[in-house]
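Peer 1: one predicted model, sequence on top.
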Amino acid sequence: MSTSPDDLILSQCIFSTHKDATLEIPFGELDDSENISRYALAISYNKDELKPFSCRGDRHYYELLVTDTQPEKQSSLDANLETVVEFDRRSLIEAGIPGLAFPYLTLTEYAPLVPDLLDAWQDELGQEYVIINQRNNWQSLDQYLGENEPKTSHIFNYFQKMARLWKDLSKLKCAQTLLEIKNIGIGDTENLEIKKLYFDDLDNLPHLRQLVETWIMVLEEHDRTEASKPIKTLMEQIEEGKIDNIKNLCDAVDVVYQQAQLDDLLESGEEQEFFIPPDDELDELADQFDFDESDDQEATVINKGEDIDEQPTVVLPMTLLSLTECGMTDIGMKRSHNEDCFAVETKINKRETPQGVLCSGRGFFLVCDGMGGHAGGEVASALAVKTLYQYFNDHWTEELPDEETIQEGILEANRAIYDANIEKGNLGAGRMGTTVVMTLVQDNQVAIAHVGDSRIYRVTRKWGLEQLTIDHSVAQAEIRNGIEPEQAFARPDAYQLTQALGPRKREFVHPEVNFFEVKEDTLFLMCSDGLSDNDLLENNWQSVLLPLLSSKANLQEGASHLLELANQINGHDNITCVLARIKVQPNLEQKNPLLS
């Protein structure tokens, strides 16, 4: 074999057999023969001593430690998933994917809490196999509490995650997973992780109270008496019927967790320091935000009468005054070709009224950052732009599209790229893909959507720079799971994408969509990571973005300045930015009862 044993990655193989079948270990050892199958045993097993770790009905489930001797080869799972039309158990089985794989596929959104499914197949005897990742530097929760002194809030955060996972595990009849103490542990990032799924006994399904009992047992075993008190209170509420479903338990655990965070903060005795700038610095800050423009409609609050304490303050509804945009892209300093692509289109209508000029408008703004090599990235990003432009040209009528319509448009772009990958025979990591960030503007109503690590920012005079999207990356997934940012970004795979358009089918793509009403002059910036890397915008927004809120500022010049700055500070990647400036004014046409 061309692969050295030292280079092989350990994985867990879970396989099931009929309870009355003669147990045969389905793999040979690494040095058995030259005709060894793809997966080889990492250690020797005596089949007479191998015991099932779980049972369901007439199936017994076993665990083996294996190595993948052909990691560069497409897995049976990926090959079969390409033929799946509908993501349900029946369709998966018809495509040759065993039912054993279904719960792992269903729980991919919980990664890294739930192990990744690497491969799955079924043999001619009906035995089912799944290959999942092996946990590294992993300690069971029991062992971790015995050797460490984590804060109480950290422990309750683990319980919080278990409670949230319980709901989906119960639906999949795998709730027993969370009742096996040796199966729940802490990984090398101090994040909660499970080793494998256990399958429920269908004649004796786990009860919610058993989950809480498990928590109490773990805490008391390690003399965490104070921590166990609020958990015992939860048990009492279960027994009294006050907590009778998983939603109630999740809500209750959230409260316990928040209280523990507060207690930890008070116990630490850390003082919070607040800095008040000297008067001369305050004056300088005020000067920075002093914009004297006749066309900038900043006053949005009207007060009728001289006695401010007695008269109501009326906030007028706002309407669009102007919509200005531009887009630019640059190859950067080190790349041989540009894999970024963008689209910008606005439609403006103005009309004269006794109150002045009123404006209505629509804007479509899009940035895609492709990946895939050999021109694959630029093909993917261009295909995404083309598909999305055509989709919203057909599906955007008089009002801003709703969340479902926007998500479906992005999934349609994913389908187009995925189909192109299949047609070209692209496999695994060789598949082309792209990120996407999109802003849709209808008058002063805005929708944003994204997949991947391209970003959307918003700049206003009141709130400054705000990042509106959260990267779909490993580090951000860790942070959402409660890991401190310093630890999350220390991972070697911290910036690896967890989502992109094109490499996988629609079931694995989850576009995030949000809606905003623009109530003050606002600058939206959509960009690829060639511009946002190294906190470029966070460190320079006051000088390069804030001035662009002015109607007198030229967005084209501003975008050009951004690209120059990105080449100086970053320059390692393609750079793309799209700017959209929305200026608003009070809607004096709309009647307000407080003004009559």
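Peer 2: Everything's here; your move. Only a predicted model underlies this, so the values are computations on that prediction, with no experimental measurement involved.
Peer 1: could I get the phi/psi values of the most centrally placed residue in the chain?
Peer 2: For the chain, the residue nearest the mean C-alpha position is H472 (4.3 Å; Cα atoms, centre = their mean). Main-chain torsions, H472, degrees, to the nearest 10: phi -90, psi 80.
Peer 1: ranges for the helices of the stretch 451-596 of the chain?
Peer 2: Using DSSP state H, counting those that start in this stretch, the helices of the stretch 451-596 of the chain run over 474-480, 485-488, 529-532, 536-544, 555-569.
Peer 1: coming back round to it: please name the nearest non-neighbouring residue to the residue nearest to the centre of the chain.
Peer 2: Q499 (3.9 Å; Cβ to Cβ, 6 or more residues apart in numbering). For the C-beta atoms, the positions are set from N, CA and C on the backbone; glycine is no exception.
Peer 1: same check on S75?
Peer 2: Nearest non-adjacent residue to S75, counting by Cβ to Cβ, 6+ apart: D119, 4.1 Å away.
Peer 1: ok, now which ones touch the one you found?
Peer 2: Residues in contact with D119 (Cβ atoms under 8 Å, 6 or more residues apart in numbering) are Y39, D68, S75, S76, L77, Y129, V130, I131.
Peer 1: just to revisit the earlier point, turn the helices of the stretch 451-596 of the chain into TSV, including mean pLDDT, distance to F53 and mean neighbour count.
Peer 2: Output for these, formatted as TSV (pLDDT from 0 to 100; distance: least, Cβ to Cβ, whole Å; neighbours: other Cβ atoms under 10 Å):
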stretch	mean pLDDT	distance to F53	mean neighbour count
helix 474-480	89	28	19
helix 485-488	89	31	14
helix 529-532	93	43	27
helix 536-544	92	48	16
helix 555-569	92	53	18
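Peer 1: for H395, state which of the contacts of D119 is nearest.
Peer 2: L77 (33.5 Å; Cβ to Cβ).
Peer 1: list the helices and strands the host helix or strand of that closest one packs on?
Peer 2: Assigned by DSSP states H and E, L77 belongs to helix 76-81. If contacts are counted by 3 or more Cβ pairs under 8 Å, 6 or more residues apart in numbering; DSSP states H and E, helix 76-81 sits against strand 117-122.
Peer 1: how far away from the center of its chain is the strand it packs on?
Peer 2: Remark: strand 117-122 is offset 24 Å from the chain centroid, using Cα atoms, centre = their mean, to the nearest Å.
Peer 1: identify the residues contacting the following helix or strand past that strand?
Peer 2: Using DSSP H and E, the helix or strand that follows strand 117-122 towards the C-terminus is strand 128-133. The contact list for strand 128-133 (Cβ under 8 Å, 6+ apart) reads 11-16, 26, 39, 66, 68, 75, 98-101, 104, 115-123, 196.
Peer 1: and with 6 Å instead?
Peer 2: The contact list for strand 128-133, computed with Cβ atoms under 6 Å, 6 or more residues apart in numbering, reads 11-16, 98, 100-101, 115-122.
Peer 1: got the domain ranges for this protein?
Peer 2: The chain breaks down by automatic domain parsing into domains covering 5-133, 139-265, 315-595.
Peer 1: among those, which gets the worst mean confidence?
Peer 2: With a mean of 82, domain 5-133 has the lowest mean pLDDT of the domains of the chain.
Peer 1: what's the nearest residue to L468 if we skip its chain neighbours?
Peer 2: Using Cβ to Cβ, 6+ apart, the closest residue to L468 is I456 (4.6 Å).
Peer 1: roughly how far apart are T67 and I181?
Peer 2: Computed as Cβ to Cβ, to the nearest Å, the T67 to I181 distance reads 28 Å.
Peer 1: more neighbours, those two?
Peer 2: T67 (22 against 15; other Cβ atoms under 10 Å).
Peer 1: how far does the helix or strand containing the more buried one sit from the chain's center?
Peer 2: T67 is part of strand 59-68, with elements assigned from DSSP H and E. With Cα atoms, centre = their mean as the basis, strand 59-68 stands 30 Å off its chain's centre.
Peer 1: again with stretch 533-548
Peer 2: Stretch 533-548 has its average C-alpha position 25 Å from the chain's average C-alpha position, going by Cα atoms, centre = their mean.
Peer 1: need the residues that contact it.
Peer 2: Contacts to stretch 533-548, defined as Cβ under 6 Å, 6+ apart, come from residues V459, L465, L523, A553, G558, H561, I569, N570.
Peer 1: dump the residue contacts of the fifth one.
Peer 2: The neighbours of G558, taking Cβ under 6 Å, 6+ apart as the test, are L548.
Peer 1: distance of I483 relative to L165?
Peer 2: Distance, I483 to L165, by Cβ to Cβ: 16 Å.
Peer 1: re the thing from before, list buried residues within the contacts of strand 128-133.
Peer 2: Using 16 or more other Cβ atoms under 10 Å as the burial test, the contacts of strand 128-133 include 11-16, 98, 100-101, 115, 117-122 as buried.
Peer 1: ok, the longest strand belonging to the chain: who's next to it in the sheet?
Peer 2: In the chain, assigned by DSSP state E, the strand with the most residues is strand 356-371. When pairs are called by DSSP bridges, strand 356-371 turns out to pair with strand 340-353 (antiparallel), strand 433-434 (antiparallel), strand 436-442 (antiparallel).
Peer 1: let's have the ones you listed in a markdown table, adding distance to F156 and mean neighbour count.
Peer 2: Formatted as a markdown table, the strands paired with strand 356-371 follow (distance: least, Cβ to Cβ, whole Å; neighbours: other Cβ atoms under 10 Å):
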| stretch | distance to F156 | mean neighbour count |
| --- | --- | --- |
| strand 340-353 | 43 | 15 |
| strand 433-434 | 38 | 30 |
| strand 436-442 | 35 | 24 |
